[in-house]
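**Q** show me how the following folds:
(4 chains)
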Protein chains: 4
Amino acid sequence: MQEGRTIKVGVLGATGTVGQRFITLLSAHPWFVIDALGASSRSAGKPYAKAVKWKQSTPIPSAVREVGVVECVPEHFKDCAIVFSGLDADVAGDIEAAFRSADLAVFSNSKNFRKDPHVPLIVPYANPAHFAIIPQQQALQSPPLKKGFIVTNANCSTTAVVIPLTALERAFGPIESMLVTTMQAISGAGYPGVPSLDILDNIVPYIGGEEEKLEWETLKILGGIAEGDDGVKAFDMHARHPLRVSASCNRVPVIDGHTECVSVRFARRPPPSPQQVREALAAFTPDAQTIGCPSAPRHTIVVHEEADRPQPRLDRYYQDGASVSVGRVRQCPVLDIKFVVLGNNVSIGAATSSILNAEIAVLKGIVVTK
Amino acid sequence: MQEGRTIKVGVLGATGTVGQRFITLLSAHPWFVIDALGASSRSAGKPYAKAVKWKQSTPIPSAVREVGVVECVPEHFKDCAIVFSGLDADVAGDIEAAFRSADLAVFSNSKNFRKDPHVPLIVPYANPAHFAIIPQQQALQSPPLKKGFIVTNANCSTTAVVIPLTALERAFGPIESMLVTTMQAISGAGYPGVPSLDILDNIVPYIGGEEEKLEWETLKILGGIAEGDDGVKAFDMHARHPLRVSASCNRVPVIDGHTECVSVRFARRPPPSPQQVREALAAFTPDAQTIGCPSAPRHTIVVHEEADRPQPRLDRYYQDGASVSVGRVRQCPVLDIKFVVLGNNVSIGAATSSILNAEIAVLKGIVVTK
Amino acid sequence: MQEGRTIKVGVLGATGTVGQRFITLLSAHPWFVIDALGASSRSAGKPYAKAVKWKQSTPIPSAVREVGVVECVPEHFKDCAIVFSGLDADVAGDIEAAFRSADLAVFSNSKNFRKDPHVPLIVPYANPAHFAIIPQQQALQSPPLKKGFIVTNANCSTTAVVIPLTALERAFGPIESMLVTTMQAISGAGYPGVPSLDILDNIVPYIGGEEEKLEWETLKILGGIAEGDDGVKAFDMHARHPLRVSASCNRVPVIDGHTECVSVRFARRPPPSPQQVREALAAFTPDAQTIGCPSAPRHTIVVHEEADRPQPRLDRYYQDGASVSVGRVRQCPVLDIKFVVLGNNVSIGAATSSILNAEIAVLKGIVVTK
Amino acid sequence: MQEGRTIKVGVLGATGTVGQRFITLLSAHPWFVIDALGASSRSAGKPYAKAVKWKQSTPIPSAVREVGVVECVPEHFKDCAIVFSGLDADVAGDIEAAFRSADLAVFSNSKNFRKDPHVPLIVPYANPAHFAIIPQQQALQSPPLKKGFIVTNANCSTTAVVIPLTALERAFGPIESMLVTTMQAISGAGYPGVPSLDILDNIVPYIGGEEEKLEWETLKILGGIAEGDDGVKAFDMHARHPLRVSASCNRVPVIDGHTECVSVRFARRPPPSPQQVREALAAFTPDAQTIGCPSAPRHTIVVHEEADRPQPRLDRYYQDGASVSVGRVRQCPVLDIKFVVLGNNVSIGAATSSILNAEIAVLKGIVVTK
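**A** Residues are numbered from 1 along each chain as shown, chains lettered A, B, ... in the order given. Got it, this is the predicted structure:
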């Protein structure tokens, strides 16, 4: 990025919870400048501050208070080099497809295209190599696209766990089995989301579709890209070393921050020791850090030594929630190693991942910024 | 039990949280009548209602309000056929030993004697067969005892999970591996216990000593009793079929009720299906039910069909907390079967277990009631 | 009531939260027998257990599990001597009016008719004398009714405070000013009600319409009935001794139980002392107790001496939530006396009040039970 | 302050919750540099990071991690121009007196000297004029002091309410009566503070000593200083216009931020309208802002127009918690005007007030900084 350059961006679903988080982060971003805010026709035409029911603990950034909200149609976003989507799943599919067709680069936090065989599902610290599928995605549209594409980021509970798993596979080779029990914050369900009567003084040991997402997305993200004889690329779903994933997902009365208890078994014998695991996690330095993404934290994985950490309330906002915390690395009597992961579901688990993906795409020339 | 007979009992640690729970349950008990309430010398001499900082959601039973609290010395309890102990671990060891030496039958909720090779660790629905060690325990004291002994019940998080494990081993043979992640209520830590600043809007992924307790106690409870050539009995710790247990214990902002996500692998192949597991759990009928323990519930294991149950707030008080709830029985992609268990830590996880153990001991003639 | 007689009753809005509470209470009632359960057309035709999303901490009463839900039309309720309504305000007006027109006796927990000049707003321990308006209400319908009428009970936050105010006015004459700050439980907003993101680790110092309701309803309930020269009766709104009421209503993260800090100034000088107030509250014995209502508690107002009581979690379920708790009675440096009231909003603040009103109406012959 | 100058400061009670907050704020302060950290003899000698059980949601500032903790004796603080005290009340009296005797300037958050007739109780936006008592305080010590003194700041619940009261008295003359009901955060009780079993799903309508403090401190702060014929100065406790204050204090399950419902009656008739009150509050600009205190916020009182604000979770961290929020300004049917105040008890309600008091003292030359 050239010093002092700015890049115009838009936000779809700007009044929702993910949209509010996008706006909070983008308002302080060194490169990106908000050019358009899209929401439903009910909000369109109003100044942003009137259209939104703001629920963040910092005030609405003054630069967007008076910005007029527009409908989510491409013509209002034609000056945007990047469009971030925080749309609800019930509308995200059609709108994001329309934006791509209009040759716009869409970075989506929604689930609709995550399973698409030509759309990468990118956790910025884990698999930015999957951007390699973009040219094929563009070529397959009719007419073929020059600039437009869709990139998705992962579900919040998946994101938290695949970051340490990536570090472990790089250091110690393939993981064979992973058993994870999550304790997920209420903000993961959006607003109004979880009724208070369901969660105060309670645990709900079920989140619809979450376990399937966590089990499936992990395979797509940790897997590679295989190229057929015909040159067609496909996600291999960790096929060379089959990985079994078992997830149990729980909702807990925590506002922000997903805590996950993880046990893994490595293919390679003997497995690494807890101390080797701790060191590999602490040393993990993904491309996002080295190529200069402004939203990358100083430490991607913060390894805690205290017996009772990480804890969501104390650790979720560290480094603006752009890192994950790991603690309690120890031997697992059933698999090999167990540990606790904490990821901030509204930051690295959502908007921060989209923004980091866009930063990587800018730095690698995948986004056309003129 | 002969119709209309009553049995005098005492409570040690009567002003503590477990003691309060003992008193609440015993005040409504058809057989047991409170004869003595023991606490520290600071409380001794006061009427119970003045000595206690009552924290139950039902008022102090009127029958004990004016009972004078005594010190925890055997002479004040000599009319008691049974002494229940809710003492803190820092004093329980000496006091319970002294009571046993005075030929009193002690049913303890404390951890001090759980690892003793001659003291049974009994979960009433799981291993009442371990009462068989009592004669040996009595014979080993000097002088040998006629009526006195110590019986312990298990840690609250252990109790919840060993009940369904017992049902599964009876139906499908030995379990080979068990991985459990607990989400434990604050009442498990007693009063004052967990500071509110540590747990409001938070998870603490660590409870000192809890994982070791859960891993170790499970083996003692699910194991049998081996008899040497010399006729000496010993707990076999599930030795004939080694069982690997891995526990991750978390404190959560829930008042009562431990929720546990469990995965198991059976020795026998092929393993049972989820539906077979559900049926075996629902059909489980331990001795405590069939021999007529008044505190036994109608259904020992309540199997939930709804996708989002059990939940502590909705299910913990069912059957006065004397049963456990199991839900979400499904296949585990890593081990065989996974499910969610809910046990009320202050009922079946604590005082209710002690009382049921005492009921079994009365019905089997192990307690001498004249 | 004649020994062993039963009275058929119906419940409108049977699947909602108030309806669930009605069903829980009525299933254990000595007189009333559920004959019909009404809900929306979406639920009609289904067995109750399938139609309801049950949210109580006791299971669905077995007697109603298989009862077929019907639509809320009078013909399905023609055998009911009493119809309890837990309908939402958006539909309660038309449906309750239709039931009255069909000559049915409706005891409603909804707000729609509370301001009607011919409908009594009755808190059972405060103003059962207002049943006297019923003949006029019946005469004014066309055609005039013989058995049908509507009786409402008060808003939950009003109910808690008017009970001690009634006791105080009886003992010490008119109150001149009352300032109340409420801390209201989330269950007061129904289900799904308050989003968890709005209330976890938070206070919301506003509940739409609540302050106006509390200020207005208090006047109607504590006031008398004036009779004009033409014999027409009207509620006098405490007109002979104008009463100023100021309410500040807050939502707090408590599941059940509204806590209210109250200050009052009496017309009579000098005002009573705190001790006189305590004694008057403890001695308060409304008609509901003396005439034999089965749902009346032994103590209508429980006066606490401990400095830190009442507390919702510890005191809300005492006497099945049918009483109110008062504590911290002390001098107010600005008005005369201040104290804290706790009322269980889902019991005496809702369904229990309706049922008590019906019991009074039965005992006084206002309901025709053949 | 001269550009680039720094002032050495010390912190007493550095490992406690108030001490941790002092350290967090001072580490980012433009003038003050931490020179000494004092704690109990148990902590003395250890590096700060080992001595403290850190409970803030930002990490320990790196500059203090390795600072060696010292005992709270003046010789270790002799280079400090200012000593901030976050000591517990049981030790603060003796230690702070000793520091003053050693000619050190102590800014204390503890309650011990608040009632001292020669010690000012200063809320920085309300009564910095009370610094005028300092020379008399110094002269009365034997030997008389040149630089040493004690200044206290107010209790957290008092601080929040006296700030708008100050604004109102300046605009509309004396207040005659004030009735306040507080809903106070758990962090106000320090750590470990409130047991979670006492506050989860609960309200505690009592905080020991809090109501007396709020009632008494308000008079000292809002009152002036009277000078006798002998030239001796004394706090007049608002004597020229007697002010009646009635407080009801509640503990609520909120982590940070005290919410207070306030009703006031003015001496002047007619009283101001709600709109006039809103404008006066928003326009309030205390000296701390105009003389250039670096910790003063841009807006001392933030006036909210939305019906449901302020809320602790959304508004407590605005402007680093150095302002107070007021909302719901409306007529009170009993007194004149009522409104809701929110003050961050750990910021403006504690350490931030001490630091602002020190900044004012520096700028006014009351602290000797060489």
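**Q** which residue does the stretch 1-150 of chain A have closest to chain C?
**A** Nearest to chain C in the stretch 1-150 of chain A, going by CB to the nearest CB, is A:Lys55, at a distance of 6.5 Å. (C-beta placed from N, C-alpha, C; glycine too.)
**Q** ok, how many other residues are close to that residue?
**A** A:Lys55 has 17 neighbours, counted by other CB atoms under 10 Å in any protein chain shown.
**Q** D:Gln311 is in contact with that one, correct?
**A** No: A:Lys55 lies out of contact with D:Gln311 (CB atoms under 8 Å); the separation is 10.0 Å.
**Q** roughly how far apart are A:Asp116 and C:Gln319?
**A** To C:Gln319, A:Asp116 is 60 Å away according to CB to CB, to the nearest Å.
**Q** so the two - more neighbours on which side?
**A** When A:Asp116 is set against C:Gln319 and neighbours are counted by other CB under 10 Å, the residue ahead is C:Gln319, at 20 against 14.
**Q** surely that one is within a helix?
**A** Yes: using DSSP: H, G, I helix; E, B strand; the rest coil, the assignment for C:Gln319 is a helix.
**Q** contacting residues for it?
**A** C:297-299, C:302 (CB atoms under 8 Å, 6 or more residues apart in numbering or on different chains).
**Q** please repeat the previous calculation with a cut-off of 10 Å.
**A** B:59, C:295-300, C:302, C:325, C:344, C:347-348 (CB atoms under 10 Å, 6 or more residues apart in numbering or on different chains).
**Q** also A:Pro47?
**A** Contacts of A:Pro47 by CB under 10 Å, 6+ apart are A:37, A:64-69.
**Q** for A:Val340, same thing?
**A** So A:Val340 contacts A:183, A:259-262, A:304, A:308-311, A:325-330, B:181, B:203, B:205-206, B:248, B:250 (CB under 10 Å, 6+ apart).
**Q** ditto for A:Cys156
**A** A:109, A:182, A:184-185, A:187-188, A:210, A:213-214, A:257-258, A:343-350, A:353.
**Q** ok, now with 7 Å
**A** A:188, A:258, A:345, A:349-350 (CB atoms under 7 Å, 6 or more residues apart in numbering or on different chains).
**Q** which two from those end up farthest apart in space?
**A** Distances among the contacts of A:Cys156 were taken as CB to CB; the most separated pair is A:His258 and A:Ala350, at 10.8 Å.
**Q** between the two, which has more neighbouring residues?
**A** A:His258 (31 against 25).
**Q** SS state for A:Pro143?
**A** Quick answer, by three-state DSSP: A:Pro143 is coil.
**Q** near it, how many other residues are there?
**A** Using other CB under 10 Å, A:Pro143 is surrounded by 7 other residues.
**Q** likewise A:Ser295?
**A** Other residues close to A:Ser295 by other CB under 10 Å number 27.
**Q** repeat that for the one 10 residues further on.
**A** As a burial measure, the neighbour count of A:Glu305 was computed by other CB under 10 Å and equals 9.
**Q** what does A:Glu215 give?
**A** Neighbour number of A:Glu215 under other CB under 10 Å is 18.
**Q** and the pLDDT for it?
**A** A:Glu215 carries a pLDDT score of 97 in this model.
**Q** in the helix or strand containing it, what counts as buried?
**A** Taking DSSP states H and E as the criterion, A:Glu215 maps to helix A:210-222. Applying a neighbour-count criterion of 16 or more other CB atoms under 10 Å in any protein chain shown, one finds A:210-211, A:213-222 buried in helix A:210-222.
**Q** ditto for stretch A:359-370
**A** Residues of stretch A:359-370 classed as buried: A:359-363, A:366-367, A:369 (neighbour count, 16+ other CB under 10 Å).
**Q** could you do stretch A:300-315 as well?
**A** A:300-304, A:308-315.
**Q** helices along the stretch 201-350 of chain A, start to end?
**A** Along the stretch 201-350 of chain A, counting by DSSP state H, counting those that start in this stretch, helices occupy A:210-222, A:274-283, A:287-290, A:312-315.
**Q** and the contacts of the second one?
**A** Going back to what we said before, that points to helix A:274-283. With CB under 7 Å, 6+ apart, helix A:274-283 has contacts from A:164, A:167-168, A:171-172, A:301, A:303, A:326, A:329-331, A:337.
**Q** would you put the C-alpha positions of that helix in CSV?
**A** Taking Å, rounded to 0.1, in the frame of the first residue of the first chain, the C-alpha atoms of helix A:274-283 are listed here in CSV:
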residue,chain,number,x,y,z
PRO,A,274,2.7,-29.9,26.2
GLN,A,275,5.8,-27.7,26.4
GLN,A,276,6.5,-28.2,22.7
VAL,A,277,2.9,-27.3,21.9
ARG,A,278,3.1,-24.1,24.0
GLU,A,279,6.2,-23.0,22.2
ALA,A,280,4.8,-23.8,18.7
LEU,A,281,1.6,-21.8,19.5
ALA,A,282,3.5,-18.8,20.9
ALA,A,283,5.9,-18.8,17.9
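**Q** separation between the residue nearest to A:Phe339 when sequence neighbours are not counted and A:Lys53?
**A** In space, and not counting its chain neighbours, A:Phe339 is closest to A:Val329: 4.4 Å by CB to CB, 6 or more residues apart in numbering or on different chains. Noted for A:Val329: a distance of 41 Å to A:Lys53, by CB to CB.
**Q** now swap in A:Asp88 and tell me
**A** Distance, A:Asp88 to A:Lys53, using CB to CB: 15 Å.
**Q** and for A:Pro144?
**A** For A:Pro144, the distance to A:Lys53 - CB to CB - is 41 Å.
**Q** could the contacts of A:Cys156 be laid out in CSV, adding pLDDT?
**A** Output for the contacts of A:Cys156, formatted as CSV (pLDDT from 0 to 100):
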residue, pLDDT
A:Gly188, 95
A:His258, 98
A:Asn345, 97
A:Gly349, 95
A:Ala350, 95
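**Q** next step: those residues restricted to strands.
**A** Of these, the ones assigned to strands by DSSP state E are A:His258.
**Q** of the contacts of A:Cys156, closest to B:Leu26?
**A** Among the contacts of A:Cys156, A:His258 lies closest to B:Leu26 (CB to CB), at 42.7 Å.
**Q** skip the chain neighbours and tell me the closest residue to A:Thr166.
**A** A:Ala126 is the one closest to A:Thr166 (CB to CB, 6+ apart), at 4.2 Å.
**Q** what ranges of chain A fall below the confidence cut-off?
**A** A:1-3, A:370 (pLDDT under 70).
**Q** cool, thanks, signing off.
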